[in-house]
Each structure stands twice: as C-alpha cells, then as structure tokens.
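Asker: with the sequence up front, the predicted model follows.
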Amino acid sequence: MSAILSRSIKTKPSAARTTATEARLGAMTSGATAGWSVTAREAALARVQSMGLPQPRDEYWRFTKPQSLVQPEAPAAALFDPQEAPTFDQIDRVKIVFVDGVFSAADSDPLELAGVSIERLAEATSDIHWAKDLYGVLEERGQDPVERPLAALNTWAATDGVLIRVTGKAEKPVSLIYRHESETSDVMLHHVIKLEEGAELTLLENGPAAARFNKVLEVEVADEARFHHVRTQGRDHERRAATHIFARLGRESLFKSFTLTANGVMTRNEAVIELTGDDAMAHVAGACMGDGREFHHDDTVFVTHDALNCESRQVFKKVLRNGATGVFQGKILVKEGAQKTDGYQISQSLLLDGDSTFLAKPELEIYADDVACSHGSTSGAIDEEAIFYLRSRGVDANTAQDLMTIAFLAEALDEIEDDILREALLERLTAWLERRRG
Amino acid sequence: MRKGKNMLEIKNLHVKLEEEDKQILKGVDLTVEAGKVHAIMGPNGSGKSTLSYVLSGREGYEVTEGSATLLGEDLLEMDPEERAALGIFLAFQYPVEIPGVGNMTFLRTAVNAQRKARGEEELSSTDFLKIVREKAKSLKIDAEMLKRPVNVGFSGGEKKRNEILQMAMLEPKLCILDETDSGLDVDAMKLVSDGVNALRDEGRGFLVITHYQRLLDHIKPDVVHIMADGRIIKTGGPELALEVEQNGYADLLAEAQ
Ligand SMILES: Nc1ncnc2c1ncn2[C@@H]1O[C@H](COP(=O)(O)OP(=O)(O)OP(=O)(O)O)[C@@H](O)[C@H]1O
Ligand SMILES: [Mg+2]
C-alpha cells in the first residue's frame, strides 16, 4: 500500500541531486565489465541514475548528513593503532582478509570449509553463476518502499567481496577482516551468501576497512536454515561507513545479526529483512558507544513480515557522550495476511552528558489483524542512585559508570546466541572502556 | 585495634540539602567506639537516614558545620569509594536495583576494588566463589539469587539479606544498618541478626538504625540514642529502647523541649 503511495508522489530527481549523482558516478567505474554480474550491475547503475544519491532532506536522511558518503572523494581518515588484539582473535575460523578493500591471500586462510563453497567476487568471472539469482536482486527488492541508492551504487561498482554458498552445517565461522592502511582509501565490497535448506553458518566481520567503506551483504536464508552474523566495526576514529544488509528468510529459518560499534565519525548501518516463509525468526541488534562531537552513528532497519507466525526483534542500544549523536530509524511492516506476527522493537540511548543527542524514528505499519507488535524508544541519563550504591561499596566512579554502561548494552549483546562469541565481545567492550580511561 | 578506642566521631554536625534551604541535621554529636553497637531510634523524618547518607558520601547534602571522622580520618572530604575502602558500610534502607549487573559481578568488583585500594591482592575467582557461597548459605541466599541482577525482582526481605551478604563479604570497620529489620519476617530477622552478630568483634563498630525493639533483642546494643528533629536528644542503655517501645516518643520529645 505504502509502496504505491511513495511511487505516486515520486518526482524526478532535483537538479542538485542530479549534479551530485553525476559527480559521483563520473568519478567511478563499474566493478566488472564481463561475466555473470554485468547485467545486474548495469541495472543497478540505471537505478542509481533514476533515484539519484541521497540528499539532506530525504525522508530517511533527515538525521544523518549524506554528504560525506555521497561526495566523489572520500574524506581522508587518519590511521589508528588500537594496540590490542583484533576482535575474534581467539576464535577458530576461516579468515578472509581485505586490506583497504584488496584481498590479501597472504593474510587469509585457504577458502575451504566443509559444506561451504567460498569464492571471491572478483574471481567469479564465468557467465553462469548461482550468485546471479541474488546479486543485486535482494538489494533491488529492498529499494521498495524506501530507496537505498548507496546500495545500488555498490551493486554497480563493487570491486570484490565473497560469494558463499552453504549446503551443510559449517563447522566454524567464516570471518571477514577489513584492514585500513591507507588514509584515503574508498572501498566498495559486495558479499552474497546463500544458505540452502537446513544449512547453518556464522559470519564474522571486523575492522574499519577503509577511510570510506560502502558494503552490501545479501543473504538468502532458505527453509530451516540458520544464519548468524556478528560484527565489530573497528575503532578508527575518522573512518566512515555505509553498510547494507539485505536478507530474505524462508520457512522456519533463523537470521541473527549483531553489531558492536565504537568510534568512527560516520556510520550508517541499514538492515532490510524480509520474512517470506512461515515460522521464521529475525533478530537484528546493535550496541554502540559514541564519544565526541564528530561521532555519528545511524541504525536504519526495515523488517517486513510477509508470512504466518514469524518473529522479529530489533534491539538497539547506544551510549553517547561528549556531544556524540545516535540515530535509530526502525520499521516493522506487517503485510496483509501475515497473521500471528510477533514483532518487537526497542531503541534506547544512555546519554552520559547533556551534550549528546539521540534521534529515533520508530515506525509500525500493520495490515493484518491478528498480530502482536510493540515498540519503544527511550533516552535517559545514568541512574545516579545506582552509581552511588556501587561507589558506597568501594567501586570507583569510573568503574561504576562502566558497569552501568555494560549493563545497559547487555540486552543487545544477549542477542548473540553463541556464548563464546558473546563473551569475546563483552571482553572487547570492557577493554575499550578501560582503555578510554587510560 | 584496642577495645574502647573511638571509631566514629561525629561532632556538632549540621547538614542542609544542597538544592533547597532546608536544614536536616542540626548539630549531631555521636561517638561509636570499636567493639560497640550503638542503636539510633527516632520518629520518621528525624534525620536518621540523612545521617547515614552523609557518612557514606551521598551527593545532595551540604555540611554547614561540624565534623565526622572514622579512625581519626576526616570522612567528609572523601569520595564514597574512599570511605568504603577506609571501612564505612551502609546497609541501605532502600537497596538499589541495578538491572543488567549480576549480583556476583557486583560483589566481586566491590571486594576487589576495596582490596586494591588498601594495597591488598585481589581474590582469585575460586577463593572468591568459595567465600561467597559459604556466606550466602548462612544467609539462605541461593545460587540463583547470586546470578540475578543486583536486587532486581528481589523481595523486600531478600534485598535486606543481600545487604548483609555484602557487609559480610566486605568486612567493614563501621557498619551502618538503616532499618535493615523492616520488611523481614521473623526467621529472616534471626538470620540477619546472626549475620550481624557473627561480625561483632573488638575492631568493629555498629550503628543500627531501627524503629523496633525486636531487632535489638537479637542484636544487643551497648548504647541507644534517640534522634529527633536533626539532633540526638537522649542517650542511654538498652532500657531506652524498651521505654520507646512502651511509651512512644511523646515524653522524650516533651522532656527535650
Ligand atoms: N533529598 C531530599 N529532598 C527533600 N527532603 C529531604 C531529602 N532528604 C531528606 N529530606 C527530608 O529530611 C528529613 C529527614 O529525612 P530522613 O530520611 O533522614 O529521615 P529518617 O529519620 O530516616 O526517617 P524514617 O524513619 O522515616 O526513615 C525528612 O523530612 C525528609 O523529608
Ligand atoms: Mg530513614
């Protein structure tokens, strides 16, 4: 219904939008000129041209300035030495390393895992490929009713990525590691993951990737398949990222995605999830810690229920201080006939000072009558009574604040199903907090 | 520490609220010696909890006159955590719920923070667990309660027992119990009193705030003070508590006029 509405009022791109779009496109080229992906890339380019790139007054860009993500040149980002072991260091996994978007064979493990086929996008140049049914396809589905031009831009121009097809239960996670070593790198990666019926995979992602990173992840989760996604977005203070996840879920399938973010001047994480098979379950969660006036973090989530008896959860928590900004735009759309939908959405911020800002746009749109959907958004200061209670037991003020911070983020971290991964991220979080105190 | 030495010394303490022009403590004089149990009784709103908060360093109060020292050190200049490390412990009248922080994590963080502040080694997880389990058992606090977030969903009585568990773990020098008996059933009162009595020794002082004689049957005080309108208006032996129990405060208040 809303799709028709937004279509009908859509006008031609404005002159400013066209100029900005052409400037960006002029500075780029298609990511491939031969092979199975060409058609999808050309169609994506046409989409970008007709939609135009985001402009400040667009409905879903009111809280986040698109400029730095849209402009032709990536703003430079100084490199940052986190002085700590990378995330997931202690986890047994298949490592795939990209340095400023360039695959590094030397740092990567062999792309081998039982029940899983892993290929690089840049190397899959044949005319026929299973990924053709998904590459740019899920992204295009996700353009309606809300346009996501940066994702279409990525489909056109992405130079590399991984194509993963899972037929069994992967015995260990596949881990994408993004290193940032050039102050001006401008990177687009595009991953496609297909989980066949009953298959299971955990995907890990970590690292800042580039000065500016545009990433698309398309995931098809077939009937009874299970997909787990856990990522951390690196601690580089100046990096910018626009990421999209497009997922389509089959019957009785499971999709779980969790993201931990600290630092970075600009992060826009979009997740577009479509529940198309009955009894499926999708959980998207994020914990973010923002510090400083430059920090801007945006979670934009769109979950569509289009089947019976599905469950979705959106759990987003942000701790903001020193003028940082957090944004949450989350929608649950329940289509006609999607009865017995159980939709839950919570977005909360903990503002450690009066300077920081949290902007939320929670939305429910429901066209079925037998559903249970709830959403809530809160923004609050730290509980001073609790801080005093902790201090009266001998815990110093900083540690007390950290304990409260971790407690606040816990509900989001609890969305990570695997105990070891959850503990690893909790440790990471604790170490970050300790380090920030020096 | 020698028995009889002054542990807590409060002299002419005047306290007003920071936010409003409201004087709450109007010249409190009180000395608790090591090894002794002092009880404070007094009508609602007389300033008992305020005194306990000011001693433990809660924000929002302004000391306009007077002093408070523990073991000769000026308490009023210290942060709450420094006071705790020095040996102050307040069992809250209304223990605070902290969603998301596990009781066990809370206890371990507190114990180790104090050990660190005193230059002692941190307890290993195994030693810590062993001690907690033992002390929790004697207070009939089960393992499940230890795992739950601090005080969240605890019944009134469970919260009070949890306060005593913290006290037993932290082994403070001066234990302030603010109406720890309120909300306790008869058996829990006995458990809590046993917990307190187990800590009684020559190097420790107690300040027990209560409205009822019943607690003082279990925890026998050496000295009883009556507080009214921000002052100690009368000090006596255990018999003073019995007098209050029988006659209320009217006579004492009239006498003090
Ligand atoms: N933050 C505050 N704001 C306003 N009034 C306060 C505040 N704190 C204390 N008071 C007032 O100070 C007085 C003393 O309060 P306090 O809690 O110390 O009494 P109490 O002796 O512990 O009483 P009770 O026996 O009921 O526990 C009361 O009149 C109370 O309302
Ligand atoms: Mg009181």
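Answerer: Thanks, I have it. Ligands and ions are numbered 1, 2, ... in the order given.
Asker: distance check, A:S108 against A:H129.
Answerer: 21 Å (Cβ to Cβ, to the nearest Å). All C-beta atoms are positioned from the backbone trio N, CA, C, and that covers glycine.
Asker: swap that for B:K137, please
Answerer: Taking Cβ to Cβ, one finds B:K137 at 64 Å from A:H129.
Asker: for B:H38, same thing?
Answerer: For B:H38, the distance to A:H129 - Cβ to Cβ - is 83 Å.
Asker: the more surrounded of these two?
Answerer: The residue with more neighbours, out of B:H38 and A:H129, is B:H38; 22 against 18, by other Cβ atoms under 10 Å in any protein chain shown.
Asker: I'd say the more buried one and B:I10 touch.
Answerer: No: using Cβ atoms under 8 Å, B:H38 makes no contact with B:I10, being 10.9 Å away.
Asker: joint contacts of the two?
Answerer: Residues touching both B:H38 and B:I10 (Cβ atoms under 8 Å, 6 or more residues apart in numbering or on different chains): B:L30.
Asker: next up, phi/psi of B:V28, please.
Answerer: phi -90, psi 130 (degrees, to the nearest 10).
Asker: quick one: residues contacting it.
Answerer: Counting by Cβ under 8 Å, 6+ apart, B:V28 has contacts B:10, B:12-13, B:47, B:51, B:66, B:227, B:230-232.
Asker: are any of these buried, and if so which?
Answerer: B:10, B:13, B:47, B:51, B:66, B:227, B:230-232 (16 or more other Cβ atoms under 10 Å in any protein chain shown).
Asker: any chance of the residues you listed in CSV with distance to A:V327, pLDDT and secondary structure as columns?
Answerer: CSV is the format used below for these (distance: Cβ to Cβ, whole Å; pLDDT from 0 to 100; DSSP: H, G, I helix; E, B strand; the rest coil):
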residue, distance to A:V327, pLDDT, secondary structure
B:I10, 51, 98, strand
B:L13, 49, 98, strand
B:G47, 47, 97, coil
B:L51, 47, 98, helix
B:G66, 51, 97, strand
B:M227, 52, 97, strand
B:G230, 50, 97, coil
B:R231, 55, 96, strand
B:I232, 56, 97, strand
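Asker: farthest pair in those?
Answerer: Pairwise distances among the buried ones among the contacts of B:V28 were taken by Cβ to Cβ; the largest, 14.9 Å, belongs to B:G66 and B:M227.
Asker: does the residue of the stretch 151-257 of chain B found nearest chain A count as helix, strand or coil?
Answerer: Closest approach of the stretch 151-257 of chain B to chain A (Cβ to the nearest Cβ) occurs at B:Q166, with a separation of 6.4 Å. In three-state terms, and counting by DSSP: H, G, I helix; E, B strand; the rest coil, B:Q166 is helix.
Asker: that one and ligand 2: what is the separation?
Answerer: 19 Å (Cβ to the ion, to the nearest Å).
Asker: so which bits of the stretch 301-438 of chain A are right by chain B?
Answerer: Within the stretch 301-438 of chain A, the positions lying close to chain B (Cβ under 8 Å from any Cβ of the partner chain) are A:383-386, A:388-397, A:399, A:403-404, A:406-408, A:410-411.
Asker: mind listing which of those residues are in strands?
Answerer: Using DSSP state E, no member of these falls in strands.
Asker: give me the ChimeraX select line for these, limited to the buried ones.
Answerer: With 16+ other Cβ under 10 Å as the criterion, this ChimeraX line picks the buried residues out of these:
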select /A:383,386,388,389,390,391,392,393,394,395,396,399,403,404,406,407,408,410,411
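Asker: next one: stretch A:59-73 to chain centre, how far?
Answerer: 16 Å (Cα atoms, centre = their mean, to the nearest Å).
Asker: how about residues contacting that stretch?
Answerer: A:20, A:23-24, A:26-27, A:53-56, A:58, A:75, A:146, A:150, A:186, A:212, A:214, A:240, A:242, A:265-266, A:268, A:296, A:298, A:300, A:325, A:327, A:329, A:359, A:361.
Asker: ok, now stretch B:139-146?
Answerer: B:103-104, B:107, B:132-133, B:136, B:154, B:158, B:161-162, B:164-165, B:168, B:188, B:191-192, B:195.
Asker: mark which of these are part of helices, please.
Answerer: Residues of these located in helices (DSSP state H): B:103-104, B:107, B:132-133, B:136, B:158, B:161-162, B:164-165, B:168, B:188, B:191-192, B:195.
Asker: leaving out sequence neighbours, find the closest residue to the closest residue to ligand 1 within the stretch 251-400 of chain A.
Answerer: Ranked by Cβ to the nearest ligand atom, the top residue of the stretch 251-400 of chain A for proximity to ligand 1 is A:E385, at 11.4 Å. What sits nearest to A:E385 in space, not counting adjacent residues and going by Cβ to Cβ, 6 or more residues apart in numbering or on different chains, is B:V96, at 5.1 Å.
Asker: low-confidence stretches in chain A?
Answerer: A:1-12, A:438 (pLDDT under 70).
Asker: just chain B next, same as before
Answerer: Ranges of chain B meeting pLDDT under 70: B:1-4.
Asker: give me the most central residue, it.
Answerer: By Cα atoms, centre = their mean, the mean C-alpha position of chain B lies nearest to B:I176, the distance being 1.6 Å.
Asker: so what sits opposite that one in the bridge?
Answerer: B:I176 has the following beta-bridge partners by DSSP bridges: B:L90, B:L207.
Asker: give me the neighbour count for the nearest residue to A:H129 once chain neighbours are set aside.
Answerer: Spatial nearest neighbour of A:H129, excluding adjacent residues (Cβ to Cβ, 6+ apart): A:W36 at 4.3 Å. Other residues within reach of A:W36, judged by other Cβ under 10 Å, total 18.
Asker: got the phi and psi for A:W36?
Answerer: Torsion angles, degrees, to the nearest 10, at A:W36: phi -60, psi -20.
Asker: mind checking how far it is from A:A131?
Answerer: 7 Å.
Asker: and for those two, which residues touch both?
Answerer: With Cβ under 8 Å, 6+ apart as the test, A:W36 and A:A131 both reach A:A124.
Asker: so what's the closest residue to chain B within the stretch 51-200 of chain A up against?
Answerer: Here the stretch 51-200 of chain A gets closest to chain B at one residue, A:Q90, 18.7 Å apart by Cβ to the nearest Cβ. Listed by Cβ under 8 Å, 6+ apart, the contact set of A:Q90 reads A:A424.
Asker: let's verify it: helix, strand, or coil?
Answerer: coil.
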